[in-house]
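K.L.:
have a look at this prediction, sequence included:
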Amino acid sequence: IDPQAWLTDTLTRLANGHGRKRLSELMPWNYAPAVA
């Protein structure tokens, strides 16, 4: 994965209220980019 894209998307999701119980979804090894 692209580290910059992962970090940007992860921070955006957290800022938009991504649930704390779903944080494991945002780890690099579980990351799936959002489909626009």
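P.N.:
Alright, I've got the coordinates.
K.L.:
centroid residue for the chain?
P.N.:
Thr10 (3.1 Å; Cα atoms, centre = their mean).
K.L.:
pretty sure that residue is touching Glu25, no?
P.N.:
No - look at Thr10 against Glu25 with Cβ atoms under 8 Å: they stay out of range, at 9.6 Å. (Each C-beta comes from the backbone N, C-alpha and C, glycine too.)
K.L.:
quickly list what's touching both of these two.
P.N.:
Both Thr10 and Glu25 are in contact with Tyr31, where contact means Cβ atoms under 8 Å, 6 or more residues apart in numbering.
K.L.:
any low-confidence regions in this protein?
P.N.:
Applying pLDDT under 70 to the chain picks out residues 35-36.
K.L.:
can you pull out the helices in this protein?
P.N.:
Counting by DSSP state H, one finds helices in the chain at the ranges 3-15.
K.L.:
dump the residue contacts of the residue nearest to the centre of the chain.
P.N.:
Leu26, Tyr31.
K.L.:
same deal with Ile1?
P.N.:
Pro28, Tyr31, Pro33.
K.L.:
quick one: those as JSON lines, columns for distance to Trp6 and neighbour count too.
P.N.:
Shown next, in JSON lines, are those (distance: Cβ to Cβ, whole Å; neighbours: other Cβ atoms under 10 Å):
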{"residue": "Pro28", "distance to Trp6": "6", "neighbour count": "10"}
{"residue": "Tyr31", "distance to Trp6": "6", "neighbour count": "13"}
{"residue": "Pro33", "distance to Trp6": "8", "neighbour count": "10"}
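K.L.:
for His13, what are its contacts?
P.N.:
That one is not His; residue 13 is Arg. Arg13 touches Leu26, Ala34, counting by Cβ under 8 Å, 6+ apart.
K.L.:
ok, back up a step: state the distance from the residue nearest to the centre of the chain to Gly17.
P.N.:
From Thr10 across to Gly17, the span is 13 Å (Cβ to Cβ, to the nearest Å).
K.L.:
check Ile1 too.
P.N.:
On the measure of Cβ to Cβ, Ile1 and Gly17 end up 23 Å apart.
K.L.:
give me the buried positions along stretch 13-30.
P.N.:
Of the residues in stretch 13-30, Arg13, Leu26 count as buried by neighbour count, 16 or more other Cβ atoms under 10 Å.
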